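Undergrad: need coordinates for the following:
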Amino acid sequence: MNKLKNSAVLCATTALFVCLAWGQEHKPLTNKDVVGMVKEGLNSSVIVKAIQANESDFDVSPPALTQLKADGVGQDVMEAMLDAQSHKKGVALATASGGAAPNAAPGPSDANAGKHLLKEGMDVPLKFASDLSSKTANEGDPVEMTLDSDIKVDDVVVIKHGARAVAIVTNAKKSGMMGRAGELNIQLQHLVAGDSRVRVRGTKGRQGDSKTGTAVALTVLFGPIGLIKHGKNVEVKAGTPLAAYVDQDIWLAPAN
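TA: Alright, predicted model coming up:
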């Protein structure tokens, strides 16, 4: 048992050092770097964190995205690349115009005329769009969710019911010997609001374990209700609600 634990720690440490070394040797990160990390066998959640932690210069044109898919790059990694490139472009535009970076929630200005401020910590009622099981899920799998009701600011709908939300599986273990129960954790990513992406998290506060990126342990959330009796795998049915929260202030236009 100790050998297995030591092996797991060694693998995790190795992946972390490879990721950090990659970021140090290749700044900014490019499509080639991402493909290289995939071919090295790094977990998609590690690659996403590397993208978020380093400068980047990605080609996210349709042909480039098609090639990334052919090279085995997952959807969650490509979405992180799109987010990084979009943020970089927004920062460049804001700097050129003397404004603030996007999603920095500046005060009312001409750029935000007609928009409404969706504040950090506001409720985001989500529900699972399809069944999810610890028996069949794998780390890095995308998890599709939808908004369960309209989100309003000042009685104005800024995100409509049914809007798409994205999460990824960060831990999936099916039930095993000796009655061991299955495990299933997900990490919330963002909610699509028109042309904007609203970052979301799984807990109300931002202190300690409630910071952005913390995995949501579905086994803990749903308890016995989330477990089937035979086999004790974590089974989440389509339509199951999940409470989420806005992770960062953002100005949004009224929903069409």
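
Undergrad: what's near enough to touch Val124?
TA: Leu147, Ile151, Ala165, Leu191, Val198, Val200, Ala243, Ala244, Tyr245, Val246 (CB atoms under 8 Å, 6 or more residues apart in numbering). Glycine gets a C-beta too; all of them are placed from N, C-alpha and C.

Undergrad: for the closest residue to it other than its chain neighbours, give its distance to Arg180.
TA: Nearest residue to Val124 in three dimensions, chain neighbours excluded: Ala244, at 4.1 Å (CB to CB, 6 or more residues apart in numbering). Noted for Ala244: a distance of 29 Å to Arg180, by CB to CB, to the nearest Å.

Undergrad: more crowded one of these two?
TA: More crowded of Ala244 and Arg180, by other CB atoms under 10 Å: Ala244, with 24 against 11.

Undergrad: whichever strand or helix holds Val198 pairs with which strands?
TA: Following DSSP states H and E, one finds Val198 within strand 196-201. Strand partners for strand 196-201, identified by DSSP bridges, are recorded as strand 183-193 (antiparallel), strand 241-246 (antiparallel).

Undergrad: hey, where'd the strands end up in the chain?
TA: Counting by DSSP state E, one finds strands in the chain at the ranges 116-118, 123-128, 132-133, 142-147, 151-153, 156-159, 164-173, 183-193, 196-201, 216-217, 235-236, 241-246, 250-252.

Undergrad: what's in contact with the fourth one?
TA: Outside strand 142-147, the residues within contact range by CB under 8 Å, 6+ apart are 74-76, 124-130, 132, 159-169, 186, 191, 242.

Undergrad: same question, the first one
TA: With contact meaning CB under 8 Å, 6+ apart, strand 116-118 is reached by 105, 151, 153-154, 156, 158-159, 198, 246, 249-254.

Undergrad: could you pull out the helices for this protein?
TA: Under the criterion DSSP state H, the chain contains helices at 2-25, 31-39, 44-53, 62-70, 75-96, 218-222.

Undergrad: which of these comes out lowest on mean pLDDT?
TA: With a mean of 46, helix 2-25 has the lowest mean pLDDT of those.

Undergrad: domains in the chain, by residue range?
TA: 2-96, 110-252 (automatic domain parsing).

Undergrad: what's the most buried one of those domains?
TA: Mean neighbour count, computed with mean count of other CB atoms under 10 Å, is highest for domain 110-252 among the domains of the chain, reaching a mean of 17.

Undergrad: pLDDT weak spots in the stretch 151-256 of the chain?
TA: For the stretch 151-256 of the chain, the stretches with pLDDT under 70 are 177-179, 206-215, 219-231.

Undergrad: list the contacts of the closest residue to Ser130 other than its chain neighbours.
TA: The shortest distance from Ser130 to any non-neighbouring residue, by CB to CB, 6+ apart, is to Ala238 (5.0 Å). Contacts of Ala238 were listed using CB under 8 Å, 6+ apart, and they are Phe128, Ala129, Ser130, Asp131.

Undergrad: JSON lines for those residues, including distance to Ala113 and pLDDT?
TA: Below are the contacts of Ala238 laid out as JSON lines (distance: CB to CB, whole Å; pLDDT from 0 to 100):
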{"residue": "Phe128", "distance to Ala113": "37", "pLDDT": "94"}
{"residue": "Ala129", "distance to Ala113": "34", "pLDDT": "94"}
{"residue": "Ser130", "distance to Ala113": "39", "pLDDT": "93"}
{"residue": "Asp131", "distance to Ala113": "43", "pLDDT": "92"}
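
Undergrad: which one of those is nearest to His87?
TA: Minimum distance to His87 across the contacts of Ala238 is 26.1 Å, recorded for Ala129 (CB to CB).

Undergrad: what's near enough to touch that closest one?
TA: Counting by CB under 8 Å, 6+ apart, Ala129 touches Glu144, Met145, Thr146, Ala238.

Undergrad: chain neighbours aside, what residue packs nearest to it?
TA: Excluding its sequence neighbours, the residue lying closest to Ala129 (CB to CB, 6+ apart) is Glu144, at 4.1 Å.
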